[in-house]
Structure formats: C-alpha cells, structure tokens
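# 3D model of this:
(one chain, ligands or ions: 1)
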Amino acid sequence: MSAKIIDGKAFSQTVRDAVARDVTTLKDKHGITPGLAVVIVGEDPASQVYVRNKVKQTAESGMNGFHFEMPATASEEDVLNKVRELNADDRVNGILVQLPLPKHMDEAKVIETIAPEKDVDGFHVINTGLLATGGNAMVPCTPLGCIMMLKDTLGDLSGMKAIVVGRSNIVGKPMAQLLLDENCTVTIAHSRTKDLAAEVKAADIVVAAVGRPEMIKGDWIKDGATVIDVGINRIPAPERGDGKSRLVGDVDYEGAAQHAGAITPVPGGVGPMTIACLLRNTVTATCRQNGIDCDT
Ligand code: NDP
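Residues are numbered from 1 along each chain as shown. As a prediction, this is how the structure comes out:
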C-alpha cells in the first residue's frame, strides 16, 4: 500500500484564501480591518523565524499586523503591561505572545493576562475550559489545523478509533478533545503508556505530537490508517554535507507510508496549517467581538 500524501501546504493556501475573502468582506461590509498583535521576547532563533512568517502572512491576508519585539532582559511586568495595552487597543483583535518566554517569566501568568476573546492561540484557561465543555472556545491553532486536515481527508470521523501520542496543553490535550467532539473513540498516550506499538496499531487515526524524531515506527501503523505527524525535529544529515541537517517528524515517514491510507509529510504537513489557523482564529475573534456571524 502507498499512502496518499496530505498536502498541508496546498490546504493551508485554501484556508488563507478563505481568510483573505473574509477580511475583504469585513472591510467592505462592516468597515473593520482585523488586527493581530504578535509579541516576541528575546532572540530565540526558531521563534524569530515563526514570528517573521506570522507577520508576513498577516499582511498578505489583508489584516493589520502589529509586531512588538522586547529584549530578553525585559521584566515580566513589562510584558504584562504590553499585553494589557493590547487588550485595551480596539485595533487589535488577536494577541499572540510567542512562547517560550525567557525563564524569569511566568508563562501562565502572561497567558492569563491576555483577554480571552483576543487569545487567538487558545491557551487561556477560559478557552481551554470552553473547549472542554463544548463552548465557543478559541481553539489552539495546531490541533485546529490537524482536525481540519482529518475532516478534509476522511469526511465524517464518527466512531473511528483515534490515538493522540503526547499530552501537552498546546497540542495533545486539545487534539484529543477535538477528536472526541467529532465522536471518535480517543486514546491519549504518553511517556508512561505501556505497549505504545499495540495502542497505535489499534487506531484508525494516529496523531503524533511527541517531539522525538521518527519514534513511531512504520509497522505500528494499521493498514489504511490516517497519520497526522505534528512533530518537527531537526536531525543531522551528513549525506547533505558537513554540518547539514534536515527536518523529520515523530513518525518514520517512509515506513508508515507503506501502511497508512493517508499521511502528512514533514515539512509541508501540519506546520503550514498552524499559521493559517492563527489567521483564521483572528478573523473568528474579530467577528465574535463585533457580533458578526462569520463562516470561518
Ligand atoms: P511536549 O514536549 O510539551 O510534549 C511531548 C509529549 O510527548 C508529552 O506528553 C510526553 O509525555 C510525550 N512523550 C515523550 N516521550 C514519549 C515516549 N517515549 N512515548 C510516548 N510519549 C512520549 O511537546 P509539544 O506537544 O509542545 O510538541 C510535540 C511536537 O510537536 C514537537 O516536535 C514540536 O516541535 C511539535 N510542534 C509542532 C507544531 C507545528 O506547528 N507543526 C506546533 C507545536 C509543536 P509525558 O507527558 O508523559 O512527558
């Protein structure tokens, strides 16, 4: 069997096109331009790349982007004050504070200071609570992108057996909740799970969010299963030259593609969907804040 490749890059473009159309409608019909504020603290190189992409794609979608860089030496109070200022700014509909924050800051405190209706990352406890209880939550971008790809690939997920490997607050737990909301029977696996291979083998849907390169082996995958690989791991690639590296997921892609019905590649799978969903969440937040019924 050779798996269908789920093209996250192409799918994210359709999501971004829909966002751009909604932004045009919000401007033309309601005189509102959605605004997304991104705050980055310190000089973490990976975070700098993510933030540059977010800022670029915000502008491309027709939204207003507000970008704030703060030094790693900033105090927690400086960051909290910036968040409070953005909470009160009517031009800003979505606020994202890029994580991780420098060690001397309490991330939870910073996240809880963001107004829940502007929390486009969906990490505020109000939004996690709403997600858990079936309310109108802002849904974290990465799991939202995963569930959109699964529904696009499989249609109705009702009754399917799903496993989420990883139980972080930003990926694993909300992912499991979204699968439950789609009427899947959900297993959440983690570092203490016994016989992970057998658990994965039983699943029609496998979502891997572990952060360990190619940990999930091809022969663990049930024939015909759908595999969503959230992992982004950089490993040495001496075959490409001295000091070179390449990105791999948490799943052994080549092996899994022999068994899966469909699979996301790394890169080009979940990654591009995450930013597209951030833009989508900003439109959703704008609509909700203005009492407008939006399709996205
Ligand atoms: P965390 O480190 O917060 O969580 C990892 C999870 O994996 C934990 O729940 C941990 O279990 C579990 N785990 C670790 N080792 C094993 C093991 N041997 N067997 C089973 N489970 C294990 O990671 P994140 O959720 O933040 O991220 C996961 C991956 O997704 C990373 O590669 C990250 O880079 C990537 N990512 C990609 C994004 C994208 O846009 N594509 C966005 C966000 C993350 P335990 O709880 O028991 O410790």
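
# Please count neighbours and contacts with C-alpha atoms only from this point.
Noted.

# residue ranges of the helices in the protein, please?
Listed in chain order, the helices of the chain (DSSP state H) span 8-30, 45-60, 76-87, 107-113, 125-132, 141-154, 172-181, 196-201, 253-257, 270-289.

# For the stretch 1-150 of the chain, which residues are neighbours of the ligand?
residue 142 (C-alpha under 6 Å from any ligand atom).

# Run the contact check for stretch 249-258 versus the ligand.
No. Using C-alpha under 6 Å from any ligand atom, stretch 249-258 never reaches the ligand; the gap is at least 6.7 Å.

# List the contacts of that stretch.
Residues from elsewhere that reach stretch 249-258, judged by C-alpha atoms under 8 Å, 6 or more residues apart in numbering: 1-3, 208-221, 229-233, 263, 265-267.

# Which of the residues you listed fall within strands?
Residues from the contacts of stretch 249-258 lying in strands, with DSSP state E as the criterion: 208, 229, 233, 263.

# which one of those residues sits closest to residue 32?
Proximity of those to residue 32 (C-alpha to C-alpha) peaks at residue 229, which lies at 36.5 Å.

# Now the closest one. Nearest residue, chain neighbours left out?
residue 208 (5.0 Å; C-alpha to C-alpha, 6 or more residues apart in numbering).

# Give the full set of residues in contact with residue 4.
Residues near residue 4 by C-alpha under 8 Å, 6+ apart: 261, 262, 263.

# now with 6 Å?
residue 262 (C-alpha atoms under 6 Å, 6 or more residues apart in numbering).

# among the helices of the chain, which is the most enclosed?
helix 270-289 (a mean of 24; mean count of other C-alpha atoms under 10 Å).

# angle of that helix against helix 141-154?
Between helix 270-289 and helix 141-154, the angle comes out at 110 degrees (axes from the mean of the first three to the mean of the last three C-alpha atoms, to 10 degrees).

# Return the alpha-carbon coordinates of helix 270-289 using PDB.
The C-alpha trace of helix 270-289 is given here as PDB (Å, rounded to 0.1, in the frame of the first residue of the first chain):
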ATOM      1  CA  VAL A 270       0.900  20.300   9.900                       C
ATOM      2  CA  GLY A 271       3.300  23.200  10.000                       C
ATOM      3  CA  PRO A 272       1.800  25.400   7.300                       C
ATOM      4  CA  MET A 273      -1.700  24.800   8.700                       C
ATOM      5  CA  THR A 274      -0.700  26.200  12.100                       C
ATOM      6  CA  ILE A 275      -0.200  29.800  10.800                       C
ATOM      7  CA  ALA A 276      -3.200  29.600   8.500                       C
ATOM      8  CA  CYS A 277      -5.300  28.700  11.600                       C
ATOM      9  CA  LEU A 278      -3.900  31.600  13.500                       C
ATOM     10  CA  LEU A 279      -5.200  33.900  10.800                       C
ATOM     11  CA  ARG A 280      -8.500  32.100  10.800                       C
ATOM     12  CA  ASN A 281      -8.700  32.500  14.600                       C
ATOM     13  CA  THR A 282      -8.000  36.200  14.300                       C
ATOM     14  CA  VAL A 283     -11.000  36.500  11.800                       C
ATOM     15  CA  THR A 284     -13.200  34.400  14.200                       C
ATOM     16  CA  ALA A 285     -12.200  36.600  17.100                       C
ATOM     17  CA  THR A 286     -12.900  39.800  15.200                       C
ATOM     18  CA  CYS A 287     -16.400  38.500  14.200                       C
ATOM     19  CA  ARG A 288     -17.200  37.500  17.700                       C
ATOM     20  CA  GLN A 289     -16.000  40.800  19.200                       C
END
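
# list the helices and strands that helix packs on?
Under the contact definition 3 or more C-alpha pairs under 6 Å, 6 or more residues apart in numbering; DSSP states H and E, helix 270-289 sits against helix 8-30, helix 141-154.
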